[in-house]
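1. this one's structure only:
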């Protein structure tokens, strides 16, 4: 089978996403990109998670044409591809309609940095896209969804803000690889839930200080990260 | 056993409903209609889901008389029958007291279209019925419950709005067959939960645009649906 | 073993309560009364649910003295006994700190009849007790808890309103036997959860009409109940 | 293996914490102190709960230097050590980002005593720390987190208030040993959830009386505790 490692990673990540409880019905898909070979592997459209096998993962080129596989790709494919083109450093994309992140998306509100759980994964506010115009909805809707996400990120590093909320719709997340992108989707949902409950306790919950945001984000992601094991201690 | 295929579909759908977590206590029932033979198959009243067998499913005519089966039909039978008479295109009916849909029903508020999760399944606001009058409650209450649902739908296509909230009570859902109706009940609960949380984040969460509603509902249900697999690719 | 049937029923009900998810830590206990023999069987204090056996259930008289069993009875025993004395028709008592019922108790608010889920089990508002005075807390606190519950019920039929919220504390429920009392505790929690969410959607959620309350409560509990199977159909 | 009993207790408590559902991602750690030998046992940093073994638990001295073990200690080690130094009576520390306690922490609000569930475990308001200054964040952040917790407790007995909320961050809990500290973390989350829902029902939910607080806290913790079994009855 061609691209079997890429397919396997995407299959595993789709299973992990399903087990995480983030997927409502079939509203969930993971893709990953092999930039060297210019191909994307993505979940087939509307296929049950339980029945999915490695060979069902669809391989497309960066124009969205199927180059290997018998099934239709996820109907969200063009959003994924647009994100790969806009964000050259990312390796995978995840879409869900998870409850709390979707509630923020439906409310049209970005998620401010209200605590260190957020700061450990997202180096700033999680943006919400502007609403699409009627023209953008009627013509090339799926690709335009990717475009407004890129617009919402602006010039921020996508690996520092690995998620955005599509207005009236739900979250898209990404990461350096498929497992990382799924983990970011899980963390986004946790952050969205805690943020909602924080607001319910106090409407005035302010954002945390820049010093605290930097301290936490850099702890896990900076060049001098102190979290987890070094390679040496991991090998022990 | 007579009507064994219909009974089996209704039994399977009742099990699926139970496993979905939508059923509080015994507040849940599924029926399906065989219009060619003029019979309805429905869950027996107050029987434990775990103990239910194919032969326990009750077969009635369209006047609610048991034509096959030893048990009493669900006490909600007359509502189901009224819906089959009012909505000639539907094949199955589901009733639950699922938490979030019931909360909207108790609040007497319809669920506006606040996002695409809603739009993928419901082509507009999910209506809430008017309250029944004291006379309607005292005389032919169960049938009148079906009547106010039909009244609330008005001239909209019931397969485009496959659910309604009975004021002070809870949701009724329907679909083209029993599995479809149960799936709609699951989606209604997800939509109701996300809608509540959206309001908690922003009381002003507006409805989505007609263009976006059309785009999503037609994507899954229109003649040019792009979601899922074509027959050909499904066979592969 | 003496009182083995009573003990077994109380053990089974305590297990069922534990499996229901209503018990936080060890905040949960079930007792039942054998009025003919003047004894109460109750969960031992602070014993893990998993390790409990029939012989661990404590048998006391109606003055709270242990008449059979090696363990201390639940520290809530005197509340249970007070309820058995005040409500001669009940056969069992359940206490939990289940999340949503406890939230209503802590808020000092009764739960109004906002829907038919409530009306199917509780024939009116679920009362909240007045706060205990400092004297009532310092002297005979546990028995006084039972007294304010009886005071809150007033002259209503305890089997028609089989629960009350102890202010600042949590719910006590009861029923005709141990299984019934546990089921009422489960329904109270469902009703409390839906009522909270109803209020979150609309602060003005009004109470349902008396006609609807009567219709639903009588459907399950009246002399002409239409819910469930008749003895004859049950035997089939 | 050195310190094997201490390691085993810490491993068991970390597993229990994981099974409790309080741990989001890897945001959770338990340590315990052996004051006679001047060592602390703590979870290794960023290691999966499922893969953890007794030998992975890291042993440090009270200056945070690893004295036994091949892995890096939890990055929260210095907070744990600061708490052991400030609170001489405690034997273990637990940190989580559990949803509801973290929401209160993010809102910057202490949890008032709104009911007896709280009073059974916490003898007063659960304090929230002041926000750290930028200097305290940039220099010795982890130790300063422990210092503001000690500052927030003031001169109250840490075993009577076995938790604090770190502003903008989440809860730290403690106890007389590792199992006790984990149990306190579970109770804190339950109390935080019920307190949020109580406020949603009534913004004016007042604190309970001092008499009721004393009655409940002393019932479980005082010298004349009446809850649970005596040693004699436990041996039966």
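-> Received the coordinates, thanks. Being a predicted model, the structure only gives us computed values, none of them experimental. Residues are numbered from 1 along each chain as shown, chains lettered A, B, ... in the order given.

2. Quickly find the element holding the residue nearest the centre of chain A.
-> With distances taken as CA atoms, centre = their mean, residue A:173 lies nearest the centre of chain A, 1.2 Å away. Assigned by DSSP states H and E, residue A:173 belongs to strand A:170-175.

3. what does residue A:159 give?
-> Assessed by DSSP H and E, residue A:159 sits outside every helix and strand.

4. Now do residue A:181 against residue A:10, distance only.
-> Per CB to CB, to the nearest Å, residue A:181 is found 10 Å from residue A:10. In short, each C-beta sits where N, CA and C put it, glycine included.

5. what's near enough to touch residue A:20?
-> Shown in contact with residue A:20 (CB atoms under 8 Å, 6 or more residues apart in numbering or on different chains): A:182, A:185-186.

6. Run the contact check for the next helix or strand after the strand holding residue A:173 versus chain C.
-> Remark: after strand A:170-175, the chain's next helix or strand is helix A:178-201, criterion DSSP H and E. No - using CB under 8 Å from any CB of the partner chain, helix A:178-201 never reaches chain C; the gap is at least 9.4 Å.

7. and helix A:178-201, anywhere near chain D?
-> Yes - for helix A:178-201, a contact with chain D is found by CB under 8 Å from any CB, at A:183, A:186-187, A:190, A:193-195, A:197-201.

8. Please find the angle between the direction vectors of that helix and strand D:170-175.
-> Using axes from the mean of the first three to the mean of the last three CA atoms, to 10 degrees, the inter-axis angle of helix A:178-201 relative to strand D:170-175 is 90 degrees.

9. And helix A:178-201, how far out from the chain middle?
-> 12 Å (CA atoms, centre = their mean, to the nearest Å).

10. My understanding was that residue A:121 contacts residue A:185; is that so?
-> No - at 10.6 Å, residue A:121 does not count as touching residue A:185 under the criterion of CB atoms under 8 Å.

11. Please say which of the two ends up with more neighbours.
-> residue A:185 (30 against 25; other CB atoms under 10 Å in any protein chain shown).

12. quick one, what contacts the more buried one?
-> Residue A:185 neighbours (CB under 8 Å, 6+ apart): A:17, A:20, A:22, A:94, A:96, A:98, A:163, A:171, A:173.

13. now with 7 Å?
-> Counting by CB atoms under 7 Å, 6 or more residues apart in numbering or on different chains, residue A:185 makes contact with A:17, A:22, A:94, A:96, A:171, A:173.

14. just curious, which of those residues is nearest to residue D:211?
-> residue A:22 (46.8 Å; CB to CB).

15. Just confirm that closest one is within a helix.
-> No - assessed with DSSP: H, G, I helix; E, B strand; the rest coil, residue A:22 is coil; it does not lie in a helix.

16. still on that earlier bit, is it possible to export the residues of helix A:178-201 next to chain D to a markdown table including pLDDT and neighbour count?
-> Output for these, formatted as a markdown table (pLDDT from 0 to 100; neighbours: other CB atoms under 10 Å in any protein chain shown):
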| residue | pLDDT | neighbour count |
| --- | --- | --- |
| A:183 | 97 | 20 |
| A:186 | 98 | 21 |
| A:187 | 98 | 21 |
| A:190 | 98 | 21 |
| A:193 | 98 | 23 |
| A:194 | 98 | 27 |
| A:195 | 97 | 26 |
| A:197 | 97 | 22 |
| A:198 | 96 | 24 |
| A:199 | 93 | 20 |
| A:200 | 93 | 18 |
| A:201 | 93 | 21 |
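
17. Enumerate the residues of chain A near chain B.
-> Listed as neighbours of chain B in chain A under the rule CB under 7 Å from any CB of the partner chain: A:24-25, A:27, A:45-47, A:70-72, A:75, A:97, A:99-100, A:102-109, A:134, A:137-138, A:141, A:168-170, A:196, A:200.

18. picking that back up, could you confirm whether the strand holding residue A:173 reaches chain D?
-> No - remark: strand A:170-175 sits outside contact range of chain D, by CB under 7 Å from any CB, the gap being at least 13.8 Å.

19. Good, wrapping up.
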